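Enquirer: model the structure of this input:
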Amino acid sequence: MTIKARIVLFLSVLLLTIGSVGSFIILRENSARKTLERETPQAVQQVIDAYTLDILAQEINHYDEVLTQSARNYAFTGDKKWETRYNDAAPKLETAITAALSGGDAADRARFQSVDAANRALVAMERQSLTLADQGDLTGAQAVLESDAYTTQKSAYQNALSTHLTQRNAQSDRAIRDSADLLGRIIRNVEHSLDGNRQMYEGFMAFVVALFLILAGLIFRRILIPVGIMNRAAKSIAKGDLDQTIHVRSVKDEIGQLAGTFNTMTENLRKSYQLLEQRVEERTQDLAKFRLAAEQAHEHIVITDPDGVILYGNHAAEQLTGFTLKEMLGHTPRLWGKQMPVEFYQRFWNRIKAQKRTFMGELTNKRKSGERYLAEAMVTPILGKRGKVLFFVGIERDITKQREYVETLNRLAAIVDGTDDAIFSKSLDGTITSWNNGAVKLYGYTAKEAIGRSVEFLVPDERKEEVARILKRTAEGKPIAHYETVRLRKDGTLVDVSVSVSPIRDETGRVIGASTIARDNTREKEIERMKSDFVSLTSHQLKTPVAIIRGDVENLLSGLFGPLTKKQREYLEDIKATSIRNYTLISDLLNVSRIERGVIKVDLVPVRLTEVFDAVLHDYREAAAERKLQLKVEPFDTTLMALADREKFIQSIANAVNNALKYTVKGGITVRASLAKRLVTVEVQDTGKGMDETMQKKLFSRNLVLSGDPSPDHSSGLGLYIAKHFMQLQHGDVTVSSQPGKGSTFSFTIPSA
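Expert: Numbering: from 1, shown residues only. Model prediction:
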């Protein structure tokens, strides 16, 4: 017999026994109940009825007192609260009288009808009193309550209640005595019946316990022990031990079959777990890659549940919003949102939740600090197999600076397009990539005609080498400012322009092109030519008279025309010094005029440096000695020769020595020469007051005024400007290095011969 069959048998016997004993007990209980129902005297019911009517009589008496007292208080005080109290108690009194009329015997009903009639008369008079009190007639209200009619009805009311209570008390006493005797007999009969039931119940419980112990032993041996074994095995499996095997004595019943099934399940679970571990490892590696990618992404990434509650946020989200991940979790993106109109969010949720489509757009958010920012957002719903939204993935990018950059570019583009200057850009190979309206006006080519062509089509043939030189300098990251040249218009005419070229860099700083600003300076050139011509003409006209004056003064000072007094000699020395300064000034002005007109020619020949230094220092040794300054030349290779225009090379170096004498108070001036890479370098170093970088950048400008103090030699101040251009005409250059308080060094470079 199987365990199931055995248990069913025992349960059947147990249920049959319980049913039999229970039926017998129920029969005995029904017999006792019928006895109680049959033998309960009417007196008990009378007691109950009398008690109920007594309660109602007491309620009627209570509410009558409340009505009477409230009506009187209102009539004597006029206080509204008494009227309110009266109105609350009146319906309760009427309800109690109605209930009393439906109970008791005929005599009781007759008495309560008398009470009801008296009450109606009293209520009518009390309502009249209340109405008079409402109208402010307290005297009339009091008169109603003190009238004979009111007193008569009140007496009838009280007499009826008093008569009822007296008679009901006597009836209640008799009913209680009769009921007590009968209830004593009933209780004794019921106790006898219950004693028999208790004995039967105790015997039945002993039988049930015996059957239960037998069944418990069977269950313990056949079920609980094997189940305990399987339970321990299941706990071990839950902890990860999948090598469990269950052994039971019986293999033919259900427990044995269950144990076999359990062992098979464990083996399958072991294999599945091994496969699952492998897949989890693979998936974990993939998830780790995805998480690492999300954490290192520059875009703000947030994952929420279908209700928008944040489940994950990457580091970029923390940086963008200012909220930590801990502050985000459990909240919605409203934490940094809520800056757009309500209609926007309604459309947003309708698209991603109702339509289940990706949202892409721009919106304004607010960081934790309160700063607003413009974001470009993309929110995508991730759907399950049945199209249900599982979660949302939101990606944001702060485009505030980008938008400001675009707006700035648009403003700059408008400025560029509206200016009269020609502004265009080109690649490093010279291909034009942009062309503004100023360029159209200056050169005559439309943007369509110019973009895509090499910038060389704007350059005359004799200046083509300028393009390569400018592009090379730009590619090195060096700007070119105010470079004056000539360009070619569409109609074939030439135009004087001042060109500034700046390198264009990408976000990494790499030069990727050049920006050119060209200004038509034809008018300025014409004015400069007119000024230069005027200066040249004036200088030519003045140079000869000044030379004659200088010669005549020197003749007078030499005594050619007779002896001079001391006063005459002083005046003539002043005239000589002034004529020398004027002659030098006129010579400088003529040189500047020739430089600007481009008419100076150079005669390049081999020149020995020893001759150059002798010529330069000869004119300044006396002035240096007078100021107690050293003027020396460091030893050098006396065979050094430069390919130069002798006079202009000497004048250039002399101008540097003259400048050094102006600003050197103590110490001296040193001249040195050297040769390197077929270039001769001549340095003029002084121990003067030096200059800062700003001054160095302006040093070779003709408009520079170096000092408000008069120059030691009262020169024009144009010497360094002239020296710069003279050196460039000889394929050389002059530069300066200096520090405030540490003197200056002028370096002249020129090809060697």
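
Enquirer: distance check, the residue lying closest to residue 64 once chain neighbours are set aside against residue 65.
Expert: Excluding its sequence neighbours, the residue lying closest to residue 64 (Cβ to Cβ, 6 or more residues apart in numbering) is residue 93, at 6.3 Å. The way it works is simple: take the backbone N, C-alpha and C, and place the C-beta from them, glycine included. The gap separating residue 93 from residue 65 is 10 Å, by Cβ to Cβ, to the nearest Å.

Enquirer: more neighbours: those two, which one.
Expert: residue 93 (21 against 12; other Cβ atoms under 10 Å).

Enquirer: so what touches the strand or helix carrying that one?
Expert: Taking DSSP states H and E as the criterion, the element that holds residue 93 is helix 80-101. Helix 80-101 has contacts (Cβ atoms under 8 Å, 6 or more residues apart in numbering) with 53, 56-57, 59-60, 63-64, 66-67, 70-71, 73-74, 108-109, 112-113, 115-116, 119, 123, 126, 130, 133-134.

Enquirer: show me which positions of that helix end up buried.
Expert: Across helix 80-101, burial judged by 16 or more other Cβ atoms under 10 Å covers 82-83, 85-86, 89-90, 93-94, 96-97, 99-101.

Enquirer: now that helix: average pLDDT?
Expert: Helix 80-101 shows a mean pLDDT of 87.

Enquirer: kindly report the same for stretch 642-656.
Expert: On average, stretch 642-656 scores 90.

Enquirer: ok, the residue nearest to residue 640 when sequence neighbours are not counted - contacts?
Expert: With sequence-adjacent residues excluded and distances taken as Cβ to Cβ, 6+ apart, residue 640 is closest to residue 609, at 4.7 Å. Counting by Cβ under 8 Å, 6+ apart, residue 609 touches 636, 638, 640-642, 673, 680, 682.

Enquirer: turn the residues you listed into JSON lines, including neighbour count.
Expert: Below are those laid out as JSON lines (neighbours: other Cβ atoms under 10 Å):
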{"residue": "636", "neighbour count": "16"}
{"residue": "638", "neighbour count": "10"}
{"residue": "640", "neighbour count": "19"}
{"residue": "641", "neighbour count": "18"}
{"residue": "642", "neighbour count": "28"}
{"residue": "673", "neighbour count": "21"}
{"residue": "680", "neighbour count": "23"}
{"residue": "682", "neighbour count": "26"}
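
Enquirer: out of these, which one sits closest to residue 159?
Expert: residue 682 (151.4 Å; Cβ to Cβ).

Enquirer: mark out where each domain of the chain begins and ends.
Expert: Following automatic domain parsing, one gets these domains for the chain: 1-241, 297-398, 404-520, 527-584, 602-751.

Enquirer: now tabulate the buried residues of helix 80-101 in CSV and tack on distance to residue 494.
Expert: Below are those laid out as CSV (distance: Cβ to Cβ, whole Å):
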residue, distance to residue 494
82, 118
83, 116
85, 117
86, 119
89, 120
90, 120
93, 125
94, 123
96, 126
97, 129
99, 127
100, 132
101, 132
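
Enquirer: among these, which one sits closest to residue 561?
Expert: residue 83 (147.6 Å).

Enquirer: quick one: that closest one and residue 149, what's the gap?
Expert: According to Cβ to Cβ, residue 83 stands 22 Å off from residue 149.

Enquirer: tell me the contacts of residue 653?
Expert: Going by Cβ under 8 Å, 6+ apart, the list of residues near residue 653 reads 612, 616, 671, 682, 684, 723, 748.

Enquirer: not counting its own residues, what contacts stretch 299-317?
Expert: By Cβ under 8 Å, 6+ apart, stretch 299-317 touches 294-298, 319-321, 325, 328-335, 353, 375, 389-398.

Enquirer: actually, stretch 138-155.
Expert: By Cβ under 8 Å, 6+ apart, the surrounding residues in contact with stretch 138-155 are 68, 71-72, 74-76, 78, 118, 121-122, 125-126, 128-130, 132-133.

Enquirer: only the buried subset of these, as a ChimeraX command please.
Expert: Buried residues among those (16+ other Cβ under 10 Å), as a ChimeraX selection:
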select :68,71,72,74,75,118,121,122,125,126,128,129,130,132,133
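
Enquirer: low-confidence regions, the stretch 401-550 of the chain specifically.
Expert: In the predicted model, the stretch 401-550 of the chain carries pLDDT under 70 at residues 409, 413, 416-418, 525-544, 546.

Enquirer: just the helices from it, written as ranges.
Expert: All helices of the stretch 401-550 of the chain, identified by DSSP state H, counting those that start in this stretch, fall at 437-443, 447-450, 464-475, 522-557.

Enquirer: also the stretch 1-150 of the chain?
Expert: 3-39, 42-77, 80-101, 106-134, 138-145, 148-219.

Enquirer: for these, which has the smallest mean pLDDT value?
Expert: With a mean of 66, helix 3-39 has the lowest mean pLDDT of the helices of the stretch 1-150 of the chain.

Enquirer: tell me how many other residues crowd residue 516.
Expert: Using other Cβ under 10 Å, residue 516 is surrounded by 22 other residues.

Enquirer: report the buried residues of stretch 479-488.
Expert: 480, 487-488.

Enquirer: distance between it and the chain's centre?
Expert: The chain centre lies 47 Å from the centre of stretch 479-488; the measure is Cα atoms, centre = their mean, to the nearest Å.

Enquirer: now the residue with the largest distance to the centre of the chain: which helix or strand?
Expert: Within the chain, residue 562 marks the point farthest from the mean C-alpha position, 97.3 Å out by Cα atoms, centre = their mean. Secondary structure here is read from DSSP H and E; on that basis residue 562 sits in neither a helix nor a strand.

Enquirer: where does residue 631 land in three-state SS?
Expert: Look at residue 631: counting by DSSP: H, G, I helix; E, B strand; the rest coil, its state is strand.

Enquirer: how about the contacts made by it?
Expert: Taking Cβ under 8 Å, 6+ apart, we find residue 631 in contact with 617, 620-621, 624-625, 657, 668-669.

Enquirer: that one bridge partners, please.
Expert: Under DSSP bridges, the beta-bridge partners of residue 631 are residue 669.

Enquirer: so how far is residue 670 from it?
Expert: 8 Å.

Enquirer: with residue 503 instead?
Expert: Taken as Cβ to Cβ, the span from residue 503 to residue 670 is 39 Å.

Enquirer: for residue 487, same thing?
Expert: Going from residue 487 to residue 670 by Cβ to Cβ gives 45 Å.

Enquirer: do residue 129 as well
Expert: Using Cβ to Cβ, residue 129 is found at 135 Å from residue 670.

Enquirer: next one: residue 304
Expert: Computed as Cβ to Cβ, the residue 304 to residue 670 distance reads 79 Å.

Enquirer: now residue 81
Expert: Look at residue 81 and residue 670: by Cβ to Cβ, they are 120 Å apart.

Enquirer: tell me the pLDDT at residue 713?
Expert: On pLDDT, residue 713 comes in at 47.

Enquirer: ok, now residue 253?
Expert: On pLDDT, residue 253 comes in at 64.

Enquirer: gap between stretch 432-449 and the chain center?
Expert: 43 Å.

Enquirer: can you give me the mean pLDDT across stretch 344-352?
Expert: According to the model, stretch 344-352 has a mean pLDDT of 93.

Enquirer: tell me how far that stretch is from the chain's mean position?
Expert: Worked out by Cα atoms, centre = their mean, stretch 344-352 lies 22 Å from the chain centre.

Enquirer: right, I'll leave it there.
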